[in-house]
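Asks: any chance you can model this:
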Amino acid sequence: EYLLPSDLSKEILFLSDEDFSDGSLDFSDVEVMVGQPFLMQKTLMDRMPKLKWLQDTGAGFDAADCREIKRRGIVLTNSRGVMSCSIAEDVMLKMLFFARRGREVEQDKKDHHWNMFGQDQWMCKCYTDLYGKTLGILGYGSIGYEIALRAHAFGMRIIAFGLDKCDDGLLDAYYGDMKDIDTILEQSDFVSVNLPLLDATRHLINDAAFEHMKPTSMLINVARGPIVDEEALYRALKDKKIAWAACDVFEKEPLPADSPLWDLDNIFISSHKAGMGDTWTMFIGRLIERNLRHYQAGEPLENVIDL
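Replies: Numbers count the residues shown, from 1 in each chain. Purely as a prediction, here's the structure:
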């Protein structure tokens, strides 16, 4: 509520997730709903006969009943872009954590150990620099762009896969065909997965994909868990097919306590919060305000999903 100006918020009913399941509330006059995609189910839409537009508060919409939304002719918009800056910074952190041996450095601090990795104090080569390394971006939308913007500042070579034509000047190579993903994997020192979860992308990163990656490379998944085959990921990390991985998303969330991934030393695990910096609420507030004003004026909405 605090994100929206008073002239808009006074006409909005603010509810918790639990309120949506309260059958005693009358939603018969609701034309617009803003909420999480898992709420966008037939049972709730049945209570909103005048519903015309659903605003997803996330980028992903695989949890919504898209078939029912399409059948009813309801417009679905998402919030792609609002977490892009925060996710991009998260990806840079994880690349640097690997490249600068963050886990070892932190352990040295805990152990009170002045560690030069067995080298001369003044002539050592302790870390990997991002400069000159190749970053492969799978999924070049708003998140991919923000990652590329930051990686470009580090002097990285950037190659990407995406479906839309791109000429933003940040990329050294751009591929628009799924068959070219293997080429990206083969060339990359770091691979960032930013794709939507579709039938074509489920388990896209599997045993065969890891065979195309360098043994010194790192995989980063900040998209959707099922895009990466977790059993294949475990094998690739355990057998050193790749050097490192950083996953913010998993096939089952929360990641079960008995998952063998927890026990590997060469993976960075975070709990689906890569985009939860301190700017995304500002960006989503601005997006929702713009779209509400578009709706009131009968103008086209932003971020419409083609169902």
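
Asks: what about Asp167, neighbour count?
Replies: Using other Cβ atoms under 10 Å, Asp167 is surrounded by 7 other residues. For the C-beta atoms, the positions are set from N, CA and C on the backbone; glycine is no exception.

Asks: roughly how far apart are the spatially closest residue to Leu197 that is not a sequence neighbour and Glu251?
Replies: Excluding its sequence neighbours, the residue lying closest to Leu197 (Cβ to Cβ, 6 or more residues apart in numbering) is Arg224, at 3.8 Å. Arg224 sits 9 Å away from Glu251, going by Cβ to Cβ, to the nearest Å.

Asks: out of these two, which sits in the busier spot?
Replies: Between Arg224 and Glu251, Arg224 has the larger neighbour count (other Cβ under 10 Å), namely 22 against 18.

Asks: now the phi/psi pair for that one, please.
Replies: With angles defined as degrees, to the nearest 10, Arg224 sits at phi -140, psi 140.

Asks: so who does it touch?
Replies: Residues counted as contacts of Arg224 (Cβ atoms under 8 Å, 6 or more residues apart in numbering) are 60, 62, 195-197, 201, 249.

Asks: from the residues you listed, which land in helices?
Replies: Assigned to helices by DSSP state H, none of the contacts of Arg224 qualify.

Asks: make a ChimeraX selection of the buried ones in those residues.
Replies: Buried residues among the contacts of Arg224 (16 or more other Cβ atoms under 10 Å), as a ChimeraX selection:
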select :60,195,196,197,201,249
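
Asks: nearest to Phe117 among the contacts of Arg224?
Replies: Distance ranking of these against Phe117, using Cβ to Cβ, places Val249 first at 32.2 Å.

Asks: if I read this right, Asp19 contacts Gly35, doesn't it?
Replies: No. Checked against Cβ atoms under 8 Å, the pair Asp19 and Gly35 is beyond contact range at 10.4 Å.

Asks: shaky segments in the stretch 1-150 of the chain?
Replies: Applying pLDDT under 70 to the stretch 1-150 of the chain picks out residues 1.

Asks: and the strands in it, which stretches?
Replies: 32-35, 53-56, 75-77, 134-138 (DSSP state E, counting those that start in this stretch).

Asks: follow-up on the earlier one: can you add distance to His112 and give the contacts of Arg224 back as a markdown table?
Replies: Formatted as a markdown table, the contacts of Arg224 follow (distance: Cβ to Cβ, whole Å):
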| residue | distance to His112 |
| --- | --- |
| Gly60 | 44 |
| Asp62 | 48 |
| Leu195 | 43 |
| Pro196 | 46 |
| Leu197 | 45 |
| Thr201 | 46 |
| Val249 | 36 |
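
Asks: looking at the contacts of Arg224, which are in strands?
Replies: If you go by DSSP state E, these have nothing in strands.

Asks: show the residue spans covered by the helices in the chain.
Replies: 6-9, 17-20, 42-45, 66-72, 84-99, 102-110, 142-153, 181-187, 207-211, 230-238, 280-297.

Asks: run the angle between the fifth one and helix 142-153 for me.
Replies: Angle, helix 84-99 to helix 142-153, by axes from the mean of the first three to the mean of the last three Cα atoms, to 10 degrees: 50 degrees.

Asks: please save the CA atoms from helix 84-99 in CSV.
Replies: Provided in CSV are the C-alpha atoms of helix 84-99 (Å, rounded to 0.1, in the frame of the first residue of the first chain):
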residue,chain,number,x,y,z
SER,A,84,16.8,-7.1,-12.7
CYS,A,85,19.3,-4.7,-11.1
SER,A,86,19.4,-6.7,-7.8
ILE,A,87,19.7,-10.1,-9.6
ALA,A,88,22.5,-8.7,-11.8
GLU,A,89,24.4,-7.6,-8.7
ASP,A,90,23.8,-11.0,-7.2
VAL,A,91,25.3,-12.7,-10.3
MET,A,92,28.4,-10.5,-10.1
LEU,A,93,28.8,-11.3,-6.4
LYS,A,94,28.8,-15.0,-7.1
MET,A,95,31.2,-14.8,-10.0
LEU,A,96,33.6,-12.8,-7.8
PHE,A,97,33.1,-15.1,-4.9
PHE,A,98,34.3,-18.0,-7.1
ALA,A,99,37.0,-16.0,-8.9
